[in-house]
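>>> curious how this folds, go ahead:
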Amino acid sequence: MVAALRRLIGPAPASTHGAPRARRRAASPGAWLARTAVVGLFVLPLAAALVLALREAASAAAWQALWTDPQWAPALASSLGSAGVSTLLALALTMVLVTALHGSPAWARLSTSLAPLLAVPHAAFAIGLAWLIAPTGALARALAPLVGWAAPPAWATVNDPHAFGLTLVLALKETPFLLWSVAALLARPELAARLAAEQRIARTLGHGPRAWWWRAGWPQLLPLLAWPLLAVLAYGLTVVDLALIVGPTTPPTAAVLAWQDLQHADPLRNARGAAGAVALALLLAALLALVAMGWPALRRAWTSAAVGGRRAPVVRRTAWRVVTGGLWWTLPGLYAAVGVVLLLLGVAGPWPFPDAWPSAFTPMGWQAVAASLGTVGFTAALALGSTTIALVLVAAWLESTPARWDARVTPVVLAPLVLPPLMLMTGLYQGALHLRLDARAAGVLWAHVLVVLPYVFIVLRPAWRDLDPRLAQTAATLGRSRWAFRWQVQRPLLAAPIAGAAAVGFAVSTGQFLATQMLGAGRLPTVTTEAVTLASGGDRRTAAAFALLQALLPLLAFGAARLVHRRAVR
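Now for the predicted structure:
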């Protein structure tokens, strides 16, 4: 029926964007019910969480205790340094790779590899990379025969006081996300057409693609990356699980310090932890205001340098090709190396330094996983449940509202991505206490839905809004009911985007540590919480097995989405 309707109505006009169908259904009872469900299950809990978090932190004694804590200032400096440097480093890597590869077959291959890279959870990547660069890790063992090391080198790469390891993990894990954001922007037809026309004009003036990117492309694209960059900065500033695995310990980062206070039985310590979470949110807002005020001046300076810039010499151009070629192979190769390390650690027995290979193998790590099948099942059920609810809510919103509403609701939907997770979860935990949902699966599920829904919205909205509205009109003239149209036409056309959104939501839910630990009060373990706890506790073998399983679950979801996409294409 899809093909028949398409032949009947012909190509879609550029001006249609789903508005006629949305306007016709705007006043229906079903539309109001759908909007009420979205507001009641997402917007109101989000607003209530923010209010409760601020109320929990509204204590002069808590703020006094926070500022007099001798650990707070160095912890805040560590958080600010690791978040800021990792964000800038991830942005620089993204800009270099896009500038060098866009429009080439290598860019197509890199874009294809982004899904599995994004599917690897942060904690699993951190566990693998930590052992890769640790003084007793794979890198040191590979160098030991060359430099004659008989004992581990005295380098500080993991849990170092300057947070170098945390910064490196954040930068390498957020680079695929920024690359995916750029790829999504460049896939927008109107933007792609405009940028392609500008590149053609640049070529007629004697400028190559690389010169165009630095002189004209990035000044236009960077403002469009504001939301992804803000999400990366917010995550780096308030991350807890990665900081527990590879971050500094004396003192820890500010997020870990606040989280430890929130886990304490003393009410004053709880209030101090809430104040710390709010302080991180205020710091993020100050950084955002600083960037917003400084961007016009930076853009003018960038434009001035671009206009007056000279062509790079041959030596610099050759070095550029070598560096970008190395980056293209290094990023996927590093993720592959992390996977190999996790596989090896999960079955390694005694492994003295500087041996390159374990002296024995043992299944003890995977035996621990097998003994925790209930945890694995709960993780999968939680991810499936939260993703399903998020899909239903997003579909209800897109089906019941006109496209022009999306711009108004986008800041609200994306708020869980850019708000400090620690502050958001503090408020959600207070709400769960009032509703008696703490330490219950329903409370954890509710928290996961709030985190998963923005990702589902980002992935699903473009395909849903771009669906030709004349398909519904033609189906109605052929006597088909609204539900028949949805099942026979809309469902096949949107099967691949829905599967992709479901895979992303499943991966996001699987990787949640803070939401699960706080709303579950530590009593509802998942694969992620077990991996982080084991890694921070020093159980390397079992932590690697859980981390590998944590990465495998999202990869299976992305594999299923890939199969649905291929079937939809056929």
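>>> and the longest helix anywhere in the chain, what does it pack against?
Secondary structure assigned by DSSP state H gives helix 267-308 as the longest helix of the chain. In this structure, helix 267-308 packs against helix 44-57, helix 60-68, helix 72-101, helix 218-221, helix 226-238, helix 254-262, helix 421-434, with contacts taken as 3 or more CB pairs under 8 Å, 6 or more residues apart in numbering; DSSP states H and E. All C-beta atoms are positioned from the backbone trio N, CA, C, and that covers glycine.
>>> now the fifth one, how far from the chain's geometric center?
In this case it means helix 226-238. Helix 226-238 has its C-alpha centroid displaced from the chain centroid by 9 Å (CA atoms, centre = their mean, to the nearest Å).
>>> so what touches it?
79-80, 82-84, 86-87, 90-91, 170, 174, 177-178, 181, 255, 277, 280, 283-284, 287-288, 414, 417-423 (CB atoms under 8 Å, 6 or more residues apart in numbering).
>>> go again using 7 Å as the cut-off
79, 82-83, 86-87, 90-91, 170, 174, 177-178, 181, 255, 280, 283-284, 287-288, 414, 417-422 (CB atoms under 7 Å, 6 or more residues apart in numbering).
>>> just the shortest one next, same as before
When contacts are defined by CB under 7 Å, 6+ apart, helix 218-221 is touched by residues 95, 185, 299, 302-303.
>>> the lowest-mean-pLDDT helix or strand in the chain: what's the following helix or strand?
Within the chain, no helix or strand scores below helix 19-25, which has a mean of 43 by mean pLDDT, DSSP states H and E. The C-terminal neighbour of helix 19-25 among helices and strands, as given by DSSP states H and E, is helix 29-38.
>>> which other helices and strands contact that next one?
Applying 3 or more CB pairs under 7 Å, 6 or more residues apart in numbering; DSSP states H and E, one finds that helix 29-38 makes contact with helix 373-400.
>>> quick one: list the elements packing against the helix it packs on.
helix 29-38, helix 441-465, helix 491-510, helix 527-537, helix 540-569.
>>> show me how far the second one is from its chain's centre.
Using CA atoms, centre = their mean, the distance from the centre of helix 441-465 to the centre of the chain it belongs to is 13 Å.
>>> now do it: everything it contacts.
Under the criterion CB under 7 Å, 6+ apart, residues 17-18, 42, 45-46, 382, 385-387, 389-391, 393-394, 398, 403, 406, 413-414, 416-417, 425, 428, 432, 437, 494, 497-498, 500-501, 504-505, 508-509, 512, 515-516, 519-520, 524 lie in contact with helix 441-465.
>>> picking that back up, as JSON lines, the helices and strands packed on helix 267-308 with mean neighbour count would be great.
Below are the helices and strands packed on helix 267-308 laid out as JSON lines (neighbours: other CB atoms under 10 Å):
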{"stretch": "helix 44-57", "mean neighbour count": "18"}
{"stretch": "helix 60-68", "mean neighbour count": "15"}
{"stretch": "helix 72-101", "mean neighbour count": "20"}
{"stretch": "helix 218-221", "mean neighbour count": "16"}
{"stretch": "helix 226-238", "mean neighbour count": "23"}
{"stretch": "helix 254-262", "mean neighbour count": "25"}
{"stretch": "helix 421-434", "mean neighbour count": "24"}
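>>> just to revisit the earlier point, now restrict the contacts of helix 218-221 to buried residues only.
The neighbour-count test (16 or more other CB atoms under 10 Å) marks 95, 302 as buried among the contacts of helix 218-221.
>>> quick check: domain ranges of the chain?
29-57+363-570, 59-346 (automatic domain parsing).
>>> contacting residues around residue 543?
Here residue 543 is in contact with 127, 531, 534-535 (CB under 7 Å, 6+ apart).
>>> look at it and report its pLDDT.
pLDDT, residue 543: 89.
>>> and for residue 309?
Reported pLDDT for residue 309: 54.
>>> ok, now residue 538?
What the model reports as pLDDT for residue 538 is 69.
>>> which members of the contacts of residue 543 are the farthest-apart pair?
Across those, the longest distance by CB to CB is 8.7 Å; it joins 127 and 534.
>>> before we move on, the earlier item: okay, the contacts of residue 543 in a markdown table with pLDDT next?
Putting the contacts of residue 543 into a markdown table (pLDDT from 0 to 100) gives the following:
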| residue | pLDDT |
| --- | --- |
| 127 | 90 |
| 531 | 90 |
| 534 | 87 |
| 535 | 85 |
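>>> residue 74: which of the residues you listed is nearest?
Nearest to residue 74, judged by CB to CB, of these is residue 535 at 23.5 Å.
>>> identify the residue nearest that closest one in space, chain neighbours excluded?
residue 543 (4.1 Å; CB to CB, 6 or more residues apart in numbering).
>>> swap in residue 164?
residue 157 (6.7 Å).
>>> sec struct for the one you found, please.
Using DSSP: H, G, I helix; E, B strand; the rest coil, the structure places residue 157 in coil.
>>> so what's it up against?
So, once contact is read as CB under 7 Å, 6+ apart, residue 157 ends up touching 133-135, 164-165.
>>> who wins for neighbours among those residues?
Greatest neighbour count in these, by other CB atoms under 10 Å, goes to residue 165: 24 neighbours.
>>> that one touches residue 246, doesn't it?
Yes: in this structure, residue 165 is within contact of residue 246 by CB atoms under 7 Å, at 4.2 Å.
>>> coming back round to it: quick check: of the contacts of helix 218-221, which lies closest to residue 483?
Ranked by distance to residue 483 (CB to CB), those are led by residue 185 at 35.1 Å.
>>> find the nearest non-adjacent residue to the closest one, please.
Closest to residue 185 by CB to CB, 6+ apart is residue 224, at 5.6 Å.
>>> with pLDDT as added columns, please give the contacts of residue 157 in a markdown table.
Compiled in a markdown table, the contacts of residue 157 are given as follows (pLDDT from 0 to 100):
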| residue | pLDDT |
| --- | --- |
| 133 | 88 |
| 134 | 87 |
| 135 | 87 |
| 164 | 91 |
| 165 | 90 |
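>>> residue 127 and residue 534: who's more crowded?
Between residue 127 and residue 534, residue 127 has the larger neighbour count (other CB under 10 Å), namely 32 against 22.
>>> name the element that one belongs to?
helix 122-133.
>>> for the stretch 101-250 of the chain, give me the ranges with low pLDDT.
By pLDDT under 70, the stretch 101-250 of the chain has no low-scoring segment.
>>> before we move on, back to that, mean pLDDT for the helices and strands packed on helix 373-400: which is lowest?
Among the helices and strands packed on helix 373-400, helix 29-38 scores lowest, at a mean of 78.
>>> what residues sit buried inside that one?
Neighbour-count burial for helix 29-38 [16+ other CB under 10 Å]: 31, 34-35, 37-38.
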